[in-house]
Each structure stands twice: as structure tokens, then as C-alpha cells.
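1. just need the structure, nothing else, for what follows:
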Amino acid sequence: MYSAFWGFREEPFSVGPDPALVCRSRQHDEALARLIYGVQFRKGLIALTGEPGTGKTTLLNCLRDFLQTRHIDCLFFFNSRIDANQLWELIGSNLYLQCDPKSKMELLRELRGLLLDTARFGGTTVLIVDEAQNLGSDVFEEIRLLGNLEDRRGRLLQIVLAGQPEFESKLDTSVLRPLKQRIAYRCCLHPFTESETYNYISARLNWAGMPEQTVFPPNVLAEIHVRSNGIPRVINTICDNLLLTAFAVGTKITTLDMLDAVSRNLRLEWSLHEWAQKVEKDDPVRLDTAFLVRHGLVPAGFNQADGPAPANISNSPLSTDTDALMHLVLKGSLTGLNANQSAASPFRSIWRRIGNTFGAMARFAVKATRALPSHFEIVSNRVRAARSRFSLALCSLRSKLGILAERTLEFRRGTLVSLSVLVCIFGTFGLRKPLAKWLGRLPSAVAFSNPIRPGAIGRLESVPSPMNAERPRSTRRKSIEETGPRAVRIDPVEYTPAARYAGFHGKVFAVVTVDLQGKVKDVQLTGPTAFDLDIAVREVAAAWQFKPAMRNGKRVEGRTLVQVPFR
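-> Numbers count the residues shown, from 1 in each chain. Below is the predicted model:
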């Protein structure tokens, strides 16, 4: 309702788990990277925990979208209030298993066969369970047994369990100790720090169409972080209500009075936890989506989402570019100082003084930068926005040049192929008559070059000249009447469960050998087929009927090409 008032193209603080709005903080990026890595390398069981509203479901939707782009089968259970029998029924219905859904033995046999067929072609299957803290002990035991399905390369079924901190408490019990030991990776999401809250709000507004955040003053931002406890879902709710209140009042800047009214209306209770205030160290060696991109495990540009991802929300307290620059300067000065500790003693004091002086100057620059007025920050924001727009334009230009080069190469190849075909056609028509005349003279030339008859031994006989010899009469050979096998009845083949679940709609061709009675003697597929469709084709082809091949009025064995129909 207020989008036109603020100039938004989208609603900035939507609370839905949209993967396009995934938060790219360090912890979210590492959790997503661990989920993708564990699934691709078939590690088995992965646990994702976090407080309510920290973005677990959004990360799971991101993982599901990634799996769909890789054509990986994914079962997503968002309702965890089920028992063991309902779990098996859901698995059978989602994988389209052709068996009795109430028979656990049949479901297990069909599921193992499907998982083995999928693994044989280099694929895998993923089971994702959200709100896992609501599962019972019997369901956890069934999930543990499902995780035991494996082959020589790894687990056949990858399982992702996501839940609130109560899920961790359940795993610590003695009953679930076997399940806890099978967890390959653990991912935990915590509330935002203060700098992450600021950057998260700015990134959301930027995605909605406001590149420069002028709605929430610094004092309002600080209070939003305190009253939301750093929970992204609560941040979205508070900011949405603040925008609506400011729209009703008719102002473009929110105030603390508005925030107090919103807090009373939402019945907010706040007290920041210890882990919401701490700042993690910047560890240079970690598993994140950039690491996966560098090693080719995910496509390039995956860690640059369309939504708030380019905000690069960091846990570091140095949130602005200037602070980060000063941090790097300080780090470089200290590194240079430590590197010269092995120098001679007269130079140690000099390096120490230089390092201390430079460090003091850098710290003073950081403090001065933080104390700048707000309009200087607006100027720096505009500079960063212009720099980002220039980078995007440069990337777009590079991609367009690459596409143009590929199209030029394809045009050259197509031109060469077309010219080759034209030369062959015109050459064939141009040389047809000279070639026919030369082939006609070839028998006479052979006879002239071998004048001695085979029967003349010891005496020389006169051989007539080829020019004066009578030309033999042209004897035209009788044409052999031959027809190939013709189809009379071809029954369609039924898709295998794996092919039906994968949505296979390709074409399959087979070379069929037909005997004298019109029955199929042999079937050869023209190419490799997936999902065991070749077995299904051979089973049904035995009942096909053909009209046998004919040669000079007699039945003979022949072959024909058939496009296999499916149902």
C-alpha cells in the first residue's frame, strides 16, 4: 500500500521465505555452502539449527532451488507432525513408487532400487525435513535407518534436518545418540549483530528500489536492533510497521516515538543475548559459497543473488568501506612490523616506532571517519552506489562481448559448411557427364591393353581392334523387388518409476530384426538410455507384430527402425 509513497518497486520487508531475499551474512553463506557441499559429495546427514526467525526455511528453499537446477530429486517435508507410517507414505507418494503405500517392506524395496538406479547414473536423492524438533523418537529411528542406505561411493539418500534449539537438546539424549553420531556437518544460525542489522535493512531497501537509506536515522536503527534481538523476521515486522506508520503520518523519516508505538502494538520484549552481541573473528580459511565457486562445485555468480545478497553483510564491526580500508592498513602495518623482527637490533626500534606511529594515525583516521557528519556518509554512499553500477555495467558489457564472439564463430562455421555443401552439389552435377563417359570407355580400354587371349599358348592370334569390334548389346539387369518389414501392431511401453518421476519425455529409437513369421527376433537401441528404459522396451517388443520383408516374392529376414511409443 505504501510502495508508491516511498517509490518502492517491491515490498522491502516481506516475511516470506523467498530465496531471492536470502540474507548473505557470513553465517548464512557458510551454512548454505555446507549444505550444498554435503549434498553433492553424499555425506549423508546434515543438521541445521537456529532460533525462530533466523532464516532456516529460506536457506532450505535456496538449497531446493539449487537442487532443481541440477535435476536432483528432492523431498521437502515442512510439516513434521507425523509418525513413522505417515513418513513412509509421504516418501512413497513423493517419489511415485509403484507399490502398496501401506506396506513398509515393498516401499523399502522400491526405494532402494530407485536410489541405486539414481546413483548408477551419478545422481542422488535428498530428503529435507523442516521443524525437526517436532519429530518423535520412532521417526528419528526410521530416518537413521534410511541414512544407512549406501553404496561404495557414499550415502544413497542425503538427509537435511532443520530445527530450533530444542532439536539440539533432543540429539543430546541417549536415545538419539546413534543418530547424533551420523551427523556429517552441523550448521547453526544466530541473530544479527548491530552492524549486520544496519546492513540488512539497507540491503532490503536497496533491493526494493531505494539505493540510499534515509528512512531510518542512526538512533532508530540502534533501537530496532535492540528491540528485535537481532532476529531477521522481527526486524522485517518492525520496519514494515514503521514504514506504514510514517506513510500514515505523511513523513519520510521515522522517529523513536513511532518505534515506541509499534513496539507497544506488537508486544515486543527485548533483551539482547550474549551471542547476539559478540563479533566473530574474520577467519580467512572457511567454507563458503565463494570457495565452492572457485572449485567449480556451484556455477559462477551463485554467491551474487538477485536480492539483498550484494550487500555483503559481515560480522566485522568495521562495516563501512573506509573502516575496512583502515582495518587492512592496520593489519598490513602490523604484518610488516612482525616480518622485520628478525632484522638487526638497531632497526627493530625504528620499525617499532614507525609501526606504532602509523597505527596511531590509522586509529585516529578511523575515529575521525566515524565522527563525520551524516551528509558525508550520504556522499560516500553515492560514490559506492556509482561504483557498483559501473561494475555491473562492465560485467554486462563483458558478457555481451562474449556472446557476440560465440555468435561470430558459429556464423563462420555455418558459412564454411554451407559453402562445402554447395561445392559438392555443383561438382557432382558438373562432373556427371564426363565421369559417365569415362566409365563407359573403361571396358574397351581394358580389352585393348590385354590383346592376348587366355587360350592362345605358343601362338599369337590376331585380336580385332577395339575400334572395329562390335559393341555388345546392352543387357539390362532385372530389378530385384524388395520390401522391408512393416509394422502391424506396436504396443506402447510404460515408463519406469524413475523415468516417470524425473518427467522423462525424450524419444527412443530401436533397430528391430524381424523373422520370416513377422515376430521380433532381436532389438538393438540406437543409443544409451537412462532409467532402465531399455529393459522395458525389450520386454514389450516381444509382443510386436510386423509384416515380414519380401524379396522376389519370398519372405526374408529384415530389419527396420522403430520409434518406441511410451504411455
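
2. mind checking which helix or strand of this protein has the lowest mean pLDDT?
-> None of the helices or strands of the chain scores lower by mean pLDDT, DSSP states H and E than helix 321-339, at a mean of 37.

3. so what's the residue count around residue 427?
-> Burial of residue 427 is recorded as 10 neighbouring residues (other C-beta atoms under 10 Å). All C-beta atoms are positioned from the backbone trio N, CA, C, and that covers glycine.

4. nope, residue 18 is what I was after
-> So residue 18, with other C-beta under 10 Å, has 12 neighbours.

5. make sure residue 510 is indeed in a strand.
-> Yes: counting by DSSP: H, G, I helix; E, B strand; the rest coil, one finds residue 510 located in a strand.

6. element containing residue 185?
-> strand 183-189 (DSSP states H and E).

7. in that strand, which residues are buried?
-> Buried residues in strand 183-189, counted by 16 or more other C-beta atoms under 10 Å: 183-185, 187-189.

8. what comes into contact with it?
-> Outside of strand 183-189, the residues within contact range by C-beta atoms under 8 Å, 6 or more residues apart in numbering are 27-28, 30-31, 34-35, 37-38, 43-51, 54-56, 59, 171.

9. mind listing what's buried in stretch 98-110?
-> Using 16+ other C-beta under 10 Å as the test for burial, stretch 98-110 gives 106-108, 110.

10. looking at the residues you listed, which are in helices?
-> Cross-referencing these against helices under DSSP state H gives 106-108, 110.

11. show me what contacts the nearest residue to residue 567 once chain neighbours are set aside?
-> Counting by C-beta to C-beta, 6 or more residues apart in numbering, residue 492 is the residue found nearest to residue 567 once chain neighbours are left out, at 4.4 Å. Neighbour list for residue 492: 540, 565-567 [criterion: C-beta under 8 Å, 6+ apart].

12. quick one, which of those are buried?
-> Counted by 16+ other C-beta under 10 Å, those give 540, 566 as buried.

13. now the contacts of residue 492 as a markdown table including pLDDT and distance to residue 143?
-> Shown next, in a markdown table, are those (pLDDT from 0 to 100; distance: C-beta to C-beta, whole Å):
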| residue | pLDDT | distance to residue 143 |
| --- | --- | --- |
| 540 | 89 | 38 |
| 565 | 89 | 41 |
| 566 | 86 | 35 |
| 567 | 82 | 35 |
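
14. which of the contacts of residue 492 lies closest to residue 212?
-> Proximity of the contacts of residue 492 to residue 212 (C-beta to C-beta) peaks at residue 566, which lies at 57.3 Å.

15. that closest one and residue 496 touch, don't they?
-> No: judged on C-beta atoms under 8 Å, residue 566 makes no contact with residue 496 at a distance of 10.2 Å.

16. quick revisit: would TSV of the ones in helices among the buried residues of stretch 98-110 with pLDDT and distance to residue 11 be doable?
-> Formatted as TSV, those follow (pLDDT from 0 to 100; distance: C-beta to C-beta, whole Å):
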residue	pLDDT	distance to residue 11
106	87	47
107	87	43
108	89	46
110	88	44
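
17. could those residues go into TSV alongside distance to residue 536?
-> Formatted as TSV, those follow (distance: C-beta to C-beta, whole Å):
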residue	distance to residue 536
106	20
107	21
108	23
110	16
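
18. which one of those is nearest residue 178?
-> Proximity to residue 178 was ranked across those by C-beta to C-beta; first place goes to residue 108, at 18.8 Å.

19. that closest one and residue 500: what is the separation?
-> From residue 108 across to residue 500, the span is 20 Å (C-beta to C-beta, to the nearest Å).
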